[in-house]
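Undergrad: This is a predicted model, with the sequence first.
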Amino acid sequence: MNKIFFICLFVITSGCTVFQPEETTLIQPKLLKQSELPPLRESITNNYFEFYCEMMIDTNGEVERAKILNGTNDPVWDSLAVLSLMEWKYTPAIYGGHPINLLVRRKIKVVFAEPRYISLAEIQCDNRENADTVYSALLNGIDFTSLVLTYSTSESKNNNGLIGDVNIKHFSDEISLAILQLNEGEFTKPLSYGNHFIIYKRLKLNN
């Protein structure tokens with residue numbers, strides 16, 4: 001199986017769109033899911049490399065804009081990498097108990113790692129109450145697809161909740177571990193995903 005790139009992030013500085021909070025009540029965004037970076041340049045001969053980037057993370061945990069601060073001397077790769085960063089998903093930054101837009105600067109270390117694909121379906125809920133209702137119904141034997149059609153707010157609802165074969169190494173450790181513990185046909189508890197709660201079901205892997 002071909003190798004892919006796995007990204008480790010380290011916060012170096014941060015700033016707010018309006019002001020820079022000095023109090024310790026600022027809760028930094030937490031990475032939930034990343035997308036693949038473009039193929040590694042042939043000029044990179046090490047098994048990893050690093051770059052710095054800047055991202056504006058909005059109150060929904062979406063990356064509103066991104067840029068690479070130190071170019072890799074490959075403008076095409078840099079441009080494609082920015083598009084990848086725009087697809088990353090975070091928890092929103094919290095200040096004073098409320099989500100805020102936050103400008104973050106991060107060092108990203110790109111290393112080799114084997115992908116781990118698992119076929120998944122999902123039910124996305126916009127609040128904990130609905131997610132708990134769905135989870136309770138699943139425990140009581142209610143059909144997963146029927147609950148997708150009734151409760152899910154994700155675009156995958158149009159495909160009965162199916163999101164296909166997913167490289168779970170792109171998820172946060174918490175989410176990927178919960179998925180790894182599933183056998184085929186089993187489902188997770190509601191998992192916090194930004195402003196949503198998602199229940200994942202493990203399906204038979206498509207070959």
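TA: Alright, I've got the coordinates.
Undergrad: Just give the nearest non-adjacent residue to the residue nearest in space to the middle of the chain, would you?
TA: By C-alpha atoms, centre = their mean, the chain has its centre lying nearest to Lys33, at 1.4 Å. Using C-beta to C-beta, 6 or more residues apart in numbering and skipping the chain neighbours, the partner closest in space to Lys33 is Lys89 (4.4 Å). The C-beta positions use only the backbone N, C-alpha and C, and glycine is treated the same way.
Undergrad: Kindly provide the distance from the one you found to Ala137.
TA: Distance of Lys89 to Ala137, computed by C-beta to C-beta, to the nearest Å: 26 Å.
Undergrad: wait, isn't the residue nearest to the centre of the chain in contact with Ile168?
TA: No. Applying C-beta atoms under 8 Å as the test, Lys33 and Ile168 come out as separate, 9.5 Å apart.
Undergrad: residues bridging contact with these two, i.e. touching both?
TA: Ile175 (C-beta atoms under 8 Å, 6 or more residues apart in numbering).
Undergrad: Next secondary structure after the lowest-mean-pLDDT helix or strand in the chain?
TA: The element with the least model confidence among the helices and strands of the chain, by mean pLDDT, DSSP states H and E, is strand 4-16, at a mean of 46. Using DSSP states H and E, the helix or strand that follows strand 4-16 towards the C-terminus is strand 31-33.
Undergrad: List the contacts of that following strand.
TA: Under the contact criterion C-beta under 8 Å, 6+ apart, strand 31-33 has outside partners 9, 61, 88-91, 170-172, 175, 193-194.
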